[in-house]
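>>> Mind folding the following:
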Amino acid sequence: MTGSDPTETQENWAAMMDDMNDAVARSFEQNMEAQAAFMDSWMGAFEDSVPDEEAVSEGVEGYGRAYEVWMDAAEQMTERVADAAEGGDVEPSEFRDIWLQSANEAFSEVMSTTAFAAGTGQMVEQLMELQQDADEVSQDALGELGFATRENVDEVARRLIELERRQHEVSKKLDRLLEE
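As a prediction, the model looks like this:
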């Protein structure tokens, strides 16, 4: 830009700042949407039962701390944009780093609560029940198609172990008889 006229430089700077502001706004919006989706998913784990008041209170406090982390990140972003506008040397990677660090801290605030642990436990329990139901359906389908099911294989294994045990006993008795 050396040798450019001042009006062109100002227009380029204004365009760059507009692009940067748009990128920051999109990034902030995407992060807030991700946080909202995470909270919706987390709260969905409580659909079948309501956690106790203490767990809910702790969960709300964790969410509040996470919100504070996001607001601090927004403030840091605003400061860095202002620094860049004043001619400061601001690397674009600083913006990414602020959001990544903030996301880690915010999710940590929420995930460290007993409400999150209870919701996660409940979700895992539901997934295990779903897996068990799917497993039963697949075993029934295998049986209907004439394939060996887990029950069939387990029965064969039990019989094989019993046969090996009996064979071992017969071998011992035979060895004793031969020694006499």
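>>> Roughly how far does Asp133 sit from Gln126?
Counting by C-beta to C-beta, to the nearest Å, the gap from Asp133 to Gln126 is 11 Å. Quick note: C-beta positions are derived from backbone N, CA and C, even for glycine.
>>> now do Glu68
Applying C-beta to C-beta to Glu68 and Gln126 gives a distance of 31 Å.
>>> Mind giving me the packing neighbours of the helix or strand containing Asp83?
Assigned by DSSP states H and E, Asp83 belongs to helix 53-85. Judged by 3 or more C-beta pairs under 8 Å, 6 or more residues apart in numbering; DSSP states H and E, helix 53-85 is in contact with helix 6-44, helix 92-111, helix 114-144.
>>> and Asp133 and Gln126? which has more neighbours close in?
A count of neighbours by other C-beta atoms under 10 Å puts Gln126 above the other of Asp133 and Gln126, at 13 against 10.
>>> Gln139 is in contact with Phe147, isn't it?
No. Assessed by C-beta atoms under 8 Å, Gln139 is found out of contact with Phe147, at 9.6 Å.
>>> CA atoms of stretch 17-30 as PDB?
Extracted in PDB, the C-alpha atoms of stretch 17-30 (Å, rounded to 0.1, in the frame of the first residue of the first chain):
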ATOM      1  CA  MET A  17     -12.400  -3.900   9.900                       C
ATOM      2  CA  ASP A  18     -15.900  -4.600   8.500                       C
ATOM      3  CA  ASP A  19     -14.700  -8.100   7.500                       C
ATOM      4  CA  MET A  20     -13.100  -8.600  10.900                       C
ATOM      5  CA  ASN A  21     -16.200  -7.400  12.800                       C
ATOM      6  CA  ASP A  22     -18.400  -9.700  10.600                       C
ATOM      7  CA  ALA A  23     -16.100 -12.700  11.400                       C
ATOM      8  CA  VAL A  24     -16.100 -11.900  15.100                       C
ATOM      9  CA  ALA A  25     -19.900 -11.600  15.100                       C
ATOM     10  CA  ARG A  26     -20.300 -14.900  13.200                       C
ATOM     11  CA  SER A  27     -17.900 -16.600  15.500                       C
ATOM     12  CA  PHE A  28     -19.700 -15.300  18.600                       C
ATOM     13  CA  GLU A  29     -23.000 -16.300  17.200                       C
ATOM     14  CA  GLN A  30     -21.800 -19.800  16.300                       C
END
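>>> how big is the angle separating the helix or strand of the chain with the lowest mean pLDDT from helix 92-111?
The weakest-scoring helix or strand in the chain, judged by mean pLDDT, DSSP states H and E, is helix 6-44 (a mean of 73). Taking axes from the mean of the first three to the mean of the last three C-alpha atoms, to 10 degrees, one finds that helix 6-44 is oriented at 20 degrees with respect to helix 92-111.
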